[in-house]
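In: I would like to see how this sequence folds:
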Amino acid sequence: MRVLFGCLSLLVVLAIVGLLAKTQLKQLGAPSAAGAASPSAASAAGVDPAVAATPTRELPRKVQDDLVRALQAAPERGDDSR
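Out: Below is the predicted model:
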């Protein structure tokens, strides 16, 4: 009986927290999870706005181009590496 009451109270608390979060997000006018992040929100979150504004379709190509460019660059070595 005690376990049943504990589980039921946990579900009630989770439902209340979910409803409060939903109403708070609705009041802020936050975009849905599928929406893209704005550059100002990305910079406030500590994310580079250029990366946040990049569409997800172009991201693999950008990563691949950066990787190829890094592999083609000559490594910097000190004088004692010979």
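
In: mean pLDDT per helix and strand in the chain: which one sits at the bottom?
Out: helix 39-44 (a mean of 55; mean pLDDT, DSSP states H and E).

In: report pLDDT for Gly6.
Out: Note for Gly6: predicted pLDDT of 94.

In: what count of nearby residues applies to it?
Out: Using other CB atoms under 10 Å, Gly6 has 10 neighbouring residues. (C-beta placed from N, C-alpha, C; glycine too.)

In: could you grab the helix/strand/coil label for it?
Out: Following DSSP: H, G, I helix; E, B strand; the rest coil, we place Gly6 in the helix state.

In: please report how far it lies from Leu28.
Out: Taking CB to CB, to the nearest Å as the measure, Gly6 falls 33 Å from Leu28.

In: and what of Val63?
Out: Counting by CB to CB, the gap from Val63 to Leu28 is 32 Å.

In: the more surrounded of these two?
Out: Applying other CB under 10 Å to Val63 and Leu28 shows that Val63 carries more neighbours, namely 11 against 8.

In: state the helix or strand in which that one lies.
Out: Element membership for Val63, per DSSP states H and E: helix 59-72.

In: then that helix to CSV, C-alphas only?
Out: Taking Å, rounded to 0.1, in the frame of the first residue of the first chain, the C-alpha atoms of helix 59-72 are listed here in CSV:
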residue,chain,number,x,y,z
LEU,A,59,26.4,20.6,-41.1
PRO,A,60,27.8,17.2,-42.2
ARG,A,61,29.3,18.8,-45.3
LYS,A,62,30.8,21.6,-43.3
VAL,A,63,32.3,19.1,-40.8
GLN,A,64,33.7,17.0,-43.6
ASP,A,65,35.3,20.1,-45.3
ASP,A,66,36.8,21.2,-42.0
LEU,A,67,38.2,17.7,-41.5
VAL,A,68,39.8,17.5,-44.9
ARG,A,69,41.3,21.0,-44.5
ALA,A,70,42.8,20.0,-41.2
LEU,A,71,44.2,16.8,-42.6
GLN,A,72,45.8,18.6,-45.6
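
In: going forward, begin numbering at 32 instead of 1
Out: Got it, the first residue is 32 from now on, which makes the last one we talked about helix 90-103.
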